[in-house]
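Trainee: Need a 3D model of the following:
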Amino acid sequence: MLLFFPAAFTFVCPTETIGFSNAESEFSARNAKVLAVSVDSKHALLQWNSMDRKDGGLGRIDLPLVSDITKRMSTMYGVLAPEDSPDAGLAMRGLIIIDPQQNVRHISINDMPVGRNVDETLRLIDAF
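Mentor: Sure, this is the predicted structure:
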């Protein structure tokens, strides 16, 4: 599963990313792996992951953070914000569920201020 987010240190991203990380054992029990992806550099993601939560960082999480600085993944999955939008160049909040045969089973894209629901994502994985 790919969990695209716009950028580290934004308002919704830490809450959402930590929520998915806290449910990692539930995803693992379903044989699902979650990768959190943004267009940030690996350096920004490392800094975000290293900062304490009370200071706006993630602290220790159980999800791999993936840098899509080239924006290839965001473009390939259709989650890169359009050039004429105020969020141009950022990944929108995309959720991509890919089955073990590498077939895309689900794509959803939320507007920037709207986070994803962990329980709904688990329900979708169970349904597939």
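Trainee: Quick check on the spatially most distant residue from the centre of the chain: phi, psi?
Mentor: Taking C-alpha atoms, centre = their mean as the measure, the residue most remote from the mean C-alpha position of the chain is Asp84, 22.8 Å away. Main-chain torsions, Asp84, degrees, to the nearest 10: phi -90, psi 10.
Trainee: Where in this protein is the helix or strand with the lowest mean pLDDT?
Mentor: helix 13-22 (a mean of 87; mean pLDDT, DSSP states H and E).
Trainee: Alpha carbons of whichever helix or strand comes after it, as PDB, please.
Mentor: Later in the chain than helix 13-22, the nearest helix or strand by DSSP states H and E is helix 24-29. As requested, the backbone C-alpha atoms of helix 24-29 are provided in PDB (Å, rounded to 0.1, in the frame of the first residue of the first chain):
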ATOM      1  CA  GLU A  24       1.300  -1.400  11.600                       C
ATOM      2  CA  SER A  25       0.700  -4.700  13.400                       C
ATOM      3  CA  GLU A  26      -2.900  -4.800  12.000                       C
ATOM      4  CA  PHE A  27      -1.600  -4.200   8.500                       C
ATOM      5  CA  SER A  28       1.100  -6.800   9.000                       C
ATOM      6  CA  ALA A  29      -1.500  -9.400  10.300                       C
END
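Trainee: Check which element follows helix 24-29 along the chain.
Mentor: Counting by DSSP H and E, what follows helix 24-29 is strand 35-38.
Trainee: Name the residues of the next helix-or-strand element following that next one that are buried.
Mentor: Next helix or strand after strand 35-38 toward the C-terminus (DSSP H and E): helix 42-50. For helix 42-50, burial by neighbour count (16 or more other C-beta atoms under 10 Å) applies to Ala44, Leu45, Trp48, Asn49. (Glycine included, C-beta is placed from N, CA and C.)
Trainee: any idea which helix or strand comes after helix 42-50?
Mentor: Next element after helix 42-50 (DSSP H and E): strand 65-67.
Trainee: Please name the strands paired to that next one in the sheet, noting orientation.
Mentor: Strand pairing for strand 65-67, determined by DSSP bridges: strand 35-38 (parallel).
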